[in-house]
Structure formats: C-alpha cells, structure tokens
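Asker: structural data only, the sequence is not supplied:
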C-alpha cells in the first residue's frame, strides 16, 4: 500500500465529551445529528468490578476498501490512504452500505454520508476538524507510519493498567486508516478481530460486477446496432436537402442562469 | 451585615446564594425588595424551587438580563435580552493558577435582533440612573485598553498574541521563599488541622457525620454532569441537543428488577415533600448503588421559549426542596433528598 495518512483514536485518552462530533458537524456544514462520528458509552461488569470505555463509530478508511470496490460511479475512492467522497458523483445506490464490514456509510438525501477525511482542510494544510477539536488529544492524524508507531508505543505504556490493550487496524483489511488504541479485546468494542469483506461483495466481484459489465457492454452494443440500422433507414427515406441547419436543442448561452 | 450570612453566621465563604432567598420572604435580617439577575440561572442553580418562586412573587421588582429565555425570565418585570458571547466584548478573563493568563473576548459578529452587550446595558442603566461617574469610559474597547494599560498592553497587543497573554506561574511554595505565603493560614502552609477553626468553635479536622438513610422504596437523589452540556444553559443548543436532548434517571439493575422497571421506561420522580419532576427515561445500570438514583443536572426546563429543551427530562433542582448547610462556609449540600419512582402517570 502506498504510504498515506491515518487517524488514531486513543481510548485511554478519550473522555467521551463528543466535541469531535460537534466539530464534524460544524466543520463540514452538517445539520445537528448528522455527524460522521458516533461516540457511545461502553460499560461492562467484570470479575474485577465495573469497566468502562467509549466506542467510536466512524469510517475506518480501510486499505482494501470494500465500499470503493463496489462503488459503480467513482463517488468513493482512495486518496493518500484515506477513503474520500465525491458526493456529487454518488447515485445513492447504497452498495457501499451493504459492503462495509463496519456498517459505516449511510445514504442520506440520495447520497453517501460518511467521513470525508476533511480533504478540503488537508489541501489547505490544516488537520481534520475532529483532531483539531479533541481537548484530550485522544484523536491524532498524520502520516500512517508515525500514527501506527505512536499507537504501538501507547499500548506498551498502557500494558500495566490494561493487560489486553491492543492496537486495532495495523493489519486488518490491508491496514486501516483509522487506528484504535483499545483497552480491551476488539470484540468488547463490538469490532471484529478479523474483519472480512462480506460474502456479498465477493459475489459481486466474482460474478455480478463482471456480469453487469458484460450486460452493459451488450446493451451498448445492441443500442449501437439499433442506432446504425435506424439511421440507415432514416437516410434511405429522407434524402439530404439543402437549407439552413437545424437549430440546436438549447438556444441559450452556456452558463446562463434561469 | 450580609443577608446571606457570610462572615456572619458563616465563618468563611464567597456567597451563600441559596441563603438570599429566605430574607426575600421573611424580611430578615433586612427587607429585600428588588432583584437584578445577571448570569444566574435562578431556578436551576438554587435548591428549593417552590421557595424561590414564592420569593420572586413577593418582590416589588425583578430585572433579568439574559441571553436565553430561561425559566426564571418569565418571573421578571423587565427583561433586557443580552447579546451572546460571540457578539460582544466582555471583561478580561484573568487566571492566577499554575499558568496565569489574561484572555480577552471580542465580538465575531454583530448582535442579532435588539440584543445588547452586557457592558452596554450596565453603562446605559447607569446613565439613566444618574450614575455616569461609575462608567467613565465611552465603550468596552476604551475600558479594556485602560485596564490593559496598567500592564503596558493594548487590546491590539492581546489580539496579536491570539487573544491570550500567558505568564510564567509560581506553582511551588519555594517560589514564594522570602515573600508572603500564598496560603492565608497562620502557618503559611496547607493546614489539615486548623487551629483557627477550633478557635471559632468548629471541628479543627473534617469530621464525618452520619446522614439519614433513605427509607425502603426511596432513593437518595444524586446529580452530576455530562461532558456534553454546561450547567443548565446548553440544553437548547441545537448541536448539543442533538447529542443529548434529555437526561436519564440511573437506576441500579438489581433495584430495577425488584421494582419491575424496564430500561427506557418513562417515570416521574417524586421527593419526600411531594415535589415532582419528569417524565424521565430510566437507565438500568450496574454503575450505581441500589439505594441511590442519579441524573444529569440541567434538564427539565419549564420555559416554553427553550423550544428544544422544553419539558425534556427531569430537573434535579425541582426535587431538591431540602438541603444541608455547611456551618463553616454556608455551602449547600443538595444530595440529601429522597425520591421514589412514580409509574403510569
């Protein structure tokens, strides 16, 4: 995988304030409640007493991104390790919703809604909104190598307090672009130890997508042949006449508003 | 003599705000006829809400300056709506702890509607009351420049430094060697055993005094904070309301099973004096003792102008009809109320 960016969330540092959720809304111009980040409380009763942490549900920016694989319009693509969104190209088909191993993307108002990695901010030399807002520096962002090294160092330091602390995302699905510092096993956070591309996606890749491409090609060929036949017929019935050319379908200037 | 008893019947303390309500009703130690409320969320901050409403009804005049149509605003004779903190200058914020700093606040946008900054309201009221001499400045910028001038700074200097001027702190006692100790105690140190308190007739060491336990079927009402909301003033903010529109009442899982109460069920809370608040969602959790319930402070607003927060959740303040007083500071201990769950209302 080409070296790129990554986020990390350190659940030892997270205080559950949800400032990242608010920053995601305001920074990306989303209405209240429509943020690309969800933070929820986790509480468990253990033999040692009560245990608590926070679960961050947001795009993992998979190295091998199932959503990008299934996206038929190119609305989802990879850019410097991140899974980025071109919402204007989205047809709202929802294939990514079904393909995501983490159930992250949603379709809202006919277009995909998920973390856009604040690409507009990155291109201006700024960090993503969630990272800039986090008051406890639980969220980090930067070159993936450095983010991963930092996460591993954190886990080593946490080992005495949390013997099952672990880095999540170093190898899964080609290496995730969101690395988590977990205080417990992944399943405690509702995360699959070995996330897998859904069977549906494999079926799509092996059969439906090539099949669909074949069908598309067949349809295009059929239409092309029909057009050729129709035009030949038309030319036979209406021989060319001299005279002014037909006006185009639109008479206005390009770019003219209503 | 102060009506709240601080430095009278209480030895120490800043303000015993809840002790100001009784004098408004009894006229002792002296009559209080009017009230100007600024930066005070009266019906959520002060315990014993029925008593506060009684006092407000008896006053000749109540003036409220507030940003939001909070619950107490409806009890005012005159309301002066203030611009929000993004629309006004405020006084300098100075902090003297480990890293001392001076911070400024300036308007990012013009005030909306007919709201005015607090400094403008104060100065104009002063002018109309013939108190111009107490406001010897034209506007907030002149006032702030005057204050900063004593440090050789201007507003522009503070702006150029990002709005905050940091100073090097003196966090260690050795920083004060050869100078006056920062602790105003006879020893000049933190005193665990206080001879001064003993002399004034108080226990020189903090002493645990047993508190009454709730009777069977009743729970001690505890309250606290969520990291999303600030006091009782942010529940109506759209972005924060979307995250936490209402509070829950936390109920121990074993206690819930004994009562047959389910997760997410809506109940009312009724306290030992018959005060009720709700309805509120039950959160069944092992995170609380079986003889207590807990809720996040600041919900259960009555004011219809708070359109999103109106009647969402339970108000802890409404259920705190009694409180305990710290005899030294006059501080109120409000976790002394017992509530029961009322279902099917």
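Answerer: Yep, that arrived. If you're wondering where the values come from, they're calculated on a predicted model, not measured in any experiment.
Asker: from here on, contacts and neighbour counts on C-alpha atoms
Answerer: OK.
Asker: what is the burial count for the closest residue to chain B within the stretch 101-250 of chain A?
Answerer: Nearest to chain B, among the residues of the stretch 101-250 of chain A, is residue A:135, at 11.4 Å (CA to the nearest CA). Around residue A:135 there are 16 other residues, counting by other CA atoms under 10 Å in any protein chain shown.
Asker: can you give me phi and psi for residue B:80?
Answerer: Dihedral pair for residue B:80: phi -110, psi 100, per degrees, to the nearest 10.
Asker: right, and it touches residue B:62 too?
Answerer: No. Taking contacts as CA atoms under 8 Å, residue B:80 lies outside contact range of residue B:62: 11.2 Å.
Asker: point out the residues in chain A that sit beside chain B.
Answerer: Contact residues, chain A versus chain B (CA under 8 Å from any CA of the partner chain): A:15, A:16, A:17, A:18, A:19, A:22, A:25, A:31, A:32, A:33, A:45, A:50.
Asker: show me the beta-bridge partners of the nearest residue to the second one once chain neighbours are set aside.
Answerer: Pointing back at residue A:16 there. Leaving aside its chain neighbours, residue A:16 sits nearest to residue A:54 (6.4 Å; criterion: CA to CA, 6 or more residues apart in numbering or on different chains). Beta-bridge pairing of residue A:54 under DSSP bridges involves residue A:41.
Asker: give me the neighbour count for residue A:54.
Answerer: Using other CA under 10 Å, residue A:54 has 20 other residues around it.
Asker: do residue A:44 as well
Answerer: 14.
Asker: tell me who's in contact with it.
Answerer: By CA atoms under 8 Å, 6 or more residues apart in numbering or on different chains, the contact set of residue A:44 is A:50, A:51, A:52.
Asker: so is the last one in a helix, a strand, or just coil?
Answerer: Okay, so that is residue A:52. strand (DSSP: H, G, I helix; E, B strand; the rest coil).
Asker: roughly how far apart are the nearest residue to residue B:42 once chain neighbours are set aside and residue B:36?
Answerer: Once flanking residues are discounted, residue B:42 sits nearest to residue B:72: 6.2 Å by CA to CA, 6+ apart. If you measure residue B:72 against residue B:36 using CA to CA, to the nearest Å, the figure is 12 Å.
Asker: more neighbours, those two?
Answerer: Comparing residue B:72 with residue B:36 by other CA under 10 Å, the one with more neighbours is residue B:72, at 20 against 12.
Asker: right, and residue B:25 touches residue B:57 too?
Answerer: No. Checked against CA under 8 Å, the pair residue B:25 and residue B:57 is beyond contact range at 9.4 Å.
Asker: picking up where we left off before, helix/strand/coil for the residue nearest to residue B:42?
Answerer: helix.
Asker: next, the nearest residue to residue B:32 once chain neighbours are set aside: phi, psi?
Answerer: Closest residue to residue B:32 apart from its sequence neighbours, by CA to CA, 6+ apart: residue B:24 at 5.2 Å. When read as degrees, to the nearest 10, the backbone of residue B:24 gives phi -70, psi -20.
Asker: show me where the chain dips below the pLDDT cut-off.
Answerer: You didn't pick a chain, so chain A it is. Across chain A, the ranges flagged by pLDDT under 70 are A:1-3, A:199-215, A:238-258.
Asker: centre-most residue in it?
Answerer: Against the mean C-alpha coordinate of chain A, by CA atoms, centre = their mean, the closest residue is residue A:83 at 4.7 Å.
Asker: do the same with chain B
Answerer: Note: chain B centre (CA atoms, centre = their mean) maps to residue B:45, 4.7 Å.
Asker: right, and residue A:103 touches residue A:97 too?
Answerer: Yes. Contact criterion CA under 8 Å: residue A:103 and residue A:97 qualify, at 6.5 Å.
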